[in-house]
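Participant: predicted structure and sequence below. I'll ask about it afterward.
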Amino acid sequence: MTSPSRRTVLRGLALAAAATAGPLSASSAASASTPAGAPAIRSAAPSGDAPLRQMRGMWIASVVNINWPSKTGLTADQQKAEYLAWLDLAVARKLNSVFVQVRPTADAFWPSPYEPWSQYLTGVQGRDPGYDPLAFLVAETHRRGLAFHAWFNPYRVSMQADPAGLHPDHPARRHPDWIVSYGGKLYYNPGMPEVRAFVQDAMMDAVTRYDIDGLHFDDYFYPVNTTAFDDSAAYAAYGAGFPDLAAWRRNNVDLLVREMQERVRRAKPEIAWGISPSGIWRNKATDPLGSETSGSQSYDNLHADTRGWVRKGWLDYIAPQLYWYIGQSNADYAKLVPWWSDVAAGTGTQLWIGQAAYKAGASGQPAQWFQPDELTRHLTLNRDHPEVGGDIWYNAGDVRDDRIGSISAVVAGHYTRPALPPLLPRLAAGRAPRRPVIPSARRVDGGVELRVLATGEDVPFQYAIFRLDRGARAEDLADARNLVAVVPARRHLRWVDPAGTRGARYYVMAVDRAARLSPPSAGRRVR
C-alpha cells in the first residue's frame, strides 16, 4: 500500500485536533500548522472507552455549609485550606471541572454591589470575610488545571421565612414586594420583570468581573405548582394573554433562561452556560413526548420547560439530575438516558448527566444503592449513547467519602485515562492555541523528563501530553489511549513521566481555556 503524502498526514492531524469537539471549518483546518514527523490520524470515531473529552465534574455546595466552607466562623486561611483540599480531591478522582455554589441564597461569595456577603462565610449575612473568596476560588482552581463553573441559585432568597432575618440593606428588605414566602423559605418573585432583571444583574456582575469558565443554574425556579406560592398580584399585573397561571409562570422561567443566554453570549462568549434540572421533563402518560416514567415533572411542577430549552438552543449544555438507579420502577436510569439523548441529538446542546453520589451506600436508600457497581454501571450504559458527554457528581462530600467504594469503582472503570473538558460546538472553529515545542525528552531517575516550551505571546491553559511507547502504532491522537497527562501549562514546563521508557515518543498539544487544542508538537523520542 502506498503511504500517504506528508501533506495528507499533516492535514489529518490538524483535523484531529478538533475531531472530538464538533465541526471545524475547512479553512481553519487547512491553515493549522502541523509539524513534520507527526503521526497519521485515522478517521474512525474516538473510542468510547477512552474519550479525549469528557465532562468529569463535581458540585461543591455552600448552602447551609454542605461542603464548603464546612461551617461558619472559619478564618480566611482555614476556608482557603478547606477549598484546596476539595481541589486535591478533584485531582485525585481524575476530575477536570468543579461547580462551586457562589450565590446560594440571594447573597454573594464576592464583594457584590447588588447583594450582601453570604452568611455561610462568616455566620452573619453582610459581614466581610476579609478576602475575596471568588477570586481565590477561580485562581486556585485554574492553578490545578481545572475548569471553574460558578453555580448560582436564581430565585432563592433565604432558607428561613422571616424577612427581618435578612441583612438590613438586603434588596428583599428594600423591596418587600419582590419576595414570596413559601414552605418556610423566601423567594424572589419570578413573575416581576424588575426582579428578573435584578437577579440577572447580580449574577452577571460575577460573570463580567471574574475569570470563570461557566455560569451554572441548578433546578430551583418556582418551588411548587400551587397558588400556595402567592404571586397573585404579579399574575394580575402581568398575566394577561396567558391561558392559566402555569403557562404564565412557565413563560417567566423561559424569559430568564433565554435572556441569560443572550447576556452571557454578549459579555463572555467563550464561557459555558447551562442548567442542571430535575431529571424528568414530563411523563409519557401526560405527554407523548415525555419519558417512560411516573415521577415529578419539571414542566408542570417547577414550571421549567427543560426539553424546550434544549430544542430551542437556549443552553450550551444541560445536566439533568438522573438520581435514580437502573431498573427503578418510576424513573429508570436506563430509560432516561436514551430519552435525554434523543432530546439533545442534533441540537448542539451538550448533554452531561447529574449523578447521585449522595445515594450510594447511604442510610435509608433501597438495596440497589448498596451495590458498589451501581454508579459505574451508569457510565457503562452512557457509552452506548454518544450524545452523553460526561457526568457531574453530587456532591463533593460524597465523592470524598466514597461509601462502599462506589466512586473508586467509577474511577477504576472509567477514569483510567485523563480527559479534557468538552469543547462547545459553537467554539470549535475558533482560533486554536499555538502548538508547543518539546526541546528535550531524556531518561532520569524516576522516569522520563520532558521539557515543554510555549510558543507565541500567550501561555496556554494546559498541555495534553501523549506518549507512544515502543511498538505502538502511531495512528491516533484523537482519543485518550495514548494520553498520559493533562497538566497546567507554564511557559517553560518540566514534567516527569514515571512510566516513560527508552524508545517512547512524546507529543504535546496546547489547550486553551475553551478547551480548544493546538496541532501537536513535533514528536520527541527518548534515546
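Facilitator: All right, it came through fine. Numbering: from 1, shown residues only.
Participant: please name the residues that touch the nearest residue to residue 108 once chain neighbours are set aside.
Facilitator: Distance criterion C-beta to C-beta, 6 or more residues apart in numbering; nearest residue to residue 108, sequence neighbours excluded, is residue 115 at 5.0 Å. Bear in mind the C-beta positions are built from the backbone N, C-alpha and C, glycine included. Each residue near residue 115 by C-beta atoms under 8 Å, 6 or more residues apart in numbering is listed here: 103, 106, 107, 108, 170, 171, 202.
Participant: do residue 152 as well
Facilitator: Here residue 152 is in contact with 101, 102, 103, 203, 206, 215, 216, 217 (C-beta under 8 Å, 6+ apart).
Participant: any idea how far the last one lies from residue 85?
Facilitator: Residue 217 sits 26 Å away from residue 85, going by C-beta to C-beta, to the nearest Å.
Participant: okay, these two: which has more neighbours?
Facilitator: residue 217 (23 against 14; other C-beta atoms under 10 Å).
Participant: now for the more buried one: which residues touch it?
Facilitator: 151, 152, 153, 154, 260, 274, 275, 276.
Participant: can you tell me the SS state at the first one?
Facilitator: Classification of residue 151 using DSSP: H, G, I helix; E, B strand; the rest coil returns strand.
Participant: pLDDT wise, what is it at?
Facilitator: On pLDDT, residue 151 comes in at 98.
Participant: I'd like the distance between it and residue 384.
Facilitator: Distance from residue 151 to residue 384, by C-beta to C-beta: 29 Å.
Participant: next: the fifth one.
Facilitator: In this structure, residue 260 and residue 384 are 32 Å apart, going by C-beta to C-beta.
Participant: who has more neighbours, the two?
Facilitator: Neighbours were counted for residue 260 and for residue 384 using other C-beta under 10 Å; residue 260 has more, 24 against 12.
Participant: which residues touch the more buried one?
Facilitator: Counting by C-beta under 8 Å, 6+ apart, residue 260 has contacts 200, 203, 215, 217, 273.
Participant: now the phi/psi pair for it, please.
Facilitator: phi -60, psi -40 (degrees, to the nearest 10).
Participant: now the residue nearest to residue 108: phi and psi?
Facilitator: Taking degrees, to the nearest 10 as the convention, residue 115 sits at phi -140, psi 160.
Participant: and the pLDDT at it?
Facilitator: Looking at residue 115, the pLDDT reads 98.
Participant: just residue 469 next, same as before
Facilitator: With respect to pLDDT, residue 469 scores 84.
Participant: how many neighbours does it have?
Facilitator: Residue 469 has 14 nearby residues by other C-beta under 10 Å.
Participant: with residue 324 instead?
Facilitator: For residue 324, using other C-beta under 10 Å, the count is 24.
Participant: check which helix or strand it maps to.
Facilitator: Secondary structure assignment for residue 324, by DSSP states H and E: no helix or strand.
Participant: leaving out chain neighbours, which residue sits closest to it?
Facilitator: Here the residue nearest residue 324, using C-beta to C-beta, 6+ apart, is residue 331, at 4.3 Å.
Participant: that neighbour: neighbouring residues, count only.
Facilitator: 20.
Participant: residues contacting it?
Facilitator: Applying C-beta under 8 Å, 6+ apart, we find residue 331 in contact with 279, 280, 293, 294, 295, 324.
Participant: same thing with residue 467?
Facilitator: Residue 467 touches 482, 484, 497, 499, 500, 504, 505, 506, counting by C-beta under 8 Å, 6+ apart.
Participant: what does it show for phi and psi?
Facilitator: Dihedral angles (degrees, to the nearest 10) for residue 467: phi -130, psi 130.
Participant: ok, now how distant is it from residue 264?
Facilitator: 38 Å.
Participant: what sits against residue 274?
Facilitator: The neighbourhood of residue 274, defined by C-beta under 8 Å, 6+ apart, consists of 214, 215, 216, 217, 315, 316, 317, 318, 319, 350, 352.
Participant: where's the nearest residue to residue 502 once chain neighbours are set aside relative to residue 435, distance?
Facilitator: By the measure of C-beta to C-beta, 6+ apart, the closest residue to residue 502 outside its immediate chain neighbours is residue 526, 5.6 Å from it. Distance, residue 526 to residue 435, using C-beta to C-beta: 20 Å.
Participant: and what of residue 137?
Facilitator: Taken as C-beta to C-beta, the span from residue 137 to residue 435 is 31 Å.
Participant: please apply the same query to residue 71.
Facilitator: From residue 71 to residue 435 the distance is 47 Å (C-beta to C-beta).
Participant: residue 231 too?
Facilitator: In this view, residue 231 and residue 435 are 56 Å apart by C-beta to C-beta.
Participant: more neighbours: the two, which one.
Facilitator: Each of residue 231 and residue 435 has its neighbours counted (other C-beta under 10 Å); residue 435 has more, 26 against 23.
Participant: tell me which element that one falls in.
Facilitator: Going by DSSP H and E, residue 435 is not in any helix or strand.
Participant: can you pull out the strands in the stretch 51-200 of the chain?
Facilitator: 55-60, 97-103, 147-152, 156-158, 179-182, 185-188 (DSSP state E, counting those that start in this stretch).
Participant: what helices or strands is the first one leaning on?
Facilitator: Read that as strand 55-60. strand 97-103, strand 147-152, strand 350-356, strand 388-394, helix 396-401 (3 or more C-beta pairs under 8 Å, 6 or more residues apart in numbering; DSSP states H and E).
Participant: these: which one's closest to residue 235?
Facilitator: strand 147-152 (25.3 Å; C-beta to C-beta).
Participant: please save the CA atoms from the closest one in PDB.
Facilitator: Extracted in PDB, the C-alpha atoms of strand 147-152 (Å, rounded to 0.1, in the frame of the first residue of the first chain):
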ATOM      1  CA  ALA A 147     -12.300  24.400  35.000                       C
ATOM      2  CA  PHE A 148     -14.300  26.600  37.300                       C
ATOM      3  CA  HIS A 149     -18.100  26.800  36.900                       C
ATOM      4  CA  ALA A 150     -19.800  29.400  39.100                       C
ATOM      5  CA  TRP A 151     -23.100  27.900  40.400                       C
ATOM      6  CA  PHE A 152     -25.900  30.300  41.100                       C
END
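Participant: partner strands of that strand and their direction?
Facilitator: Strand 147-152 has the following strand partners under DSSP bridges: strand 97-103 (parallel), strand 214-217 (parallel).
Participant: and the last one, average pLDDT?
Facilitator: The one in question is strand 214-217. For strand 214-217, the per-residue pLDDT averages 98.
Participant: let me see the residues that make contact with whichever helix or strand comes after it.
Facilitator: Next along the chain after strand 214-217, taking DSSP H and E as the criterion, comes helix 232-238. For helix 232-238, the external contacting residues (C-beta under 8 Å, 6+ apart) are 177, 189, 191, 192, 193, 245, 248.
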